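Colleague: Take this sequence and fold it.
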Amino acid sequence: MPVQLQIPTIGTLLTLTEPWDFRLYFESRNFKMLTALTGHEFGWGDGEGEWDDRRGRWQPAVIVGVTFNGYKVGWDTFGIPQDDKSKDEMEMSRTWREHQPMSYIDVCLPINTMLTVDRIYIRKGVDAYNSLTFWLKKPAKLPKVKKGEPPVIPSEEYDFLQRVGGNRFWAKLPDVNNIVCEMT
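Modeller: Numbers count the residues shown, from 1 in each chain. Presented below is the predicted three-dimensional model:
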């Protein structure tokens with residue numbers, strides 16, 4: 001079924017109309033969001049694997065498989081073989097050949113989450129790094145309860161967005177292409 005292509009500009013506000021599942025990768029620009037989600041402070045080197053000369057491939061970081069606040073750390077090789085011989089047999093761009101595996105957590109942002117497009121990175125020849133960067137908007141504070149009125153009980157989604165809102169993060173283009181939203 002044909003769809004109308006609409007590429008957002010910087011500053012476009014996206015309001016999710018369906019939950020959005022994506023991988024949040026362990027990279028410095030995602031550390032604040034990772035910390036807000038997991039309650040664990042990450043820094044340089046966390047989530048990075050090490051090169052194993054004996055096996056000729058990258059070894060997962062020591063935190064792979066560890067769970068932080070319900071988020072289990074995974075290891076993404078992006079389907080790229082880890083040995084040079086296999087890489088030579090595949091036709092892939094230079095950036096994919098040099099792309100290193102990364103640790104990540106699976107994240108699901110709820111309906112009505114508001115994201116502002118902050119950066120779009122799409123370049124010919126460096127498709128391994130195609131991504132969009134977002135600011136996750138913090139929801140407005142709940143109104144003060146007037147005397148005699150029942151208290152407003154925040155939803156789980158509201159509490160979640162209060163905790164992680166205000167953070168900047170990036171996601172890879174294939175994940176971004178799964179966003180279902182309204183754009184303003």
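Colleague: what's the distance between residue 181 and residue 131?
Modeller: From residue 181 over to residue 131 the distance is 17 Å, taken as C-beta to C-beta, to the nearest Å. All C-beta atoms are positioned from the backbone trio N, CA, C, and that covers glycine.
Colleague: so is residue 116 in a helix, a strand, or just coil?
Modeller: Under DSSP: H, G, I helix; E, B strand; the rest coil, residue 116 falls in the strand class.
Colleague: What's the separation between the nearest residue to it once chain neighbours are set aside and residue 169?
Modeller: Closest residue to residue 116 apart from its sequence neighbours, by C-beta to C-beta, 6 or more residues apart in numbering: residue 135 at 4.4 Å. Separation of residue 135 from residue 169 (C-beta to C-beta): 9 Å.
Colleague: Those two: which has the busier surroundings?
Modeller: With neighbours defined as other C-beta atoms under 10 Å, residue 135 and residue 169 compare such that residue 169 has more, 26 against 18.
Colleague: And for the closest residue to that one other than its chain neighbours, the neighbour number?
Modeller: Leaving aside its chain neighbours, residue 169 sits nearest to residue 33 (3.9 Å; criterion: C-beta to C-beta, 6+ apart). Neighbour count of residue 33, defined by other C-beta under 10 Å: 21.
Colleague: now swap in the one 5 residues further on and tell me
Modeller: For residue 38, the tally of surrounding residues (other C-beta under 10 Å) stands at 18.
Colleague: do you know how far it is from residue 128?
Modeller: In terms of C-beta to C-beta, residue 38 sits 25 Å off from residue 128.
Colleague: Tell me the secondary structure at the residue sitting furthest away from the middle of the chain.
Modeller: Ranked by distance from the centre of the chain (C-alpha atoms, centre = their mean), the top residue is residue 148, with 43.1 Å. Three-state assignment for residue 148 (three-state DSSP): coil.
Colleague: Name whatever forms a beta bridge with the spatially most central residue of the chain.
Modeller: By C-alpha atoms, centre = their mean, the chain has its centre lying nearest to residue 24, at 2.9 Å. For residue 24, the beta-bridge partners are residue 105 (DSSP bridges).
Colleague: What residues does it make contact with?
Modeller: Applying C-beta atoms under 8 Å, 6 or more residues apart in numbering to residue 24 gives the contacts 30, 33, 34, 37, 104, 105, 106, 107, 169, 171.
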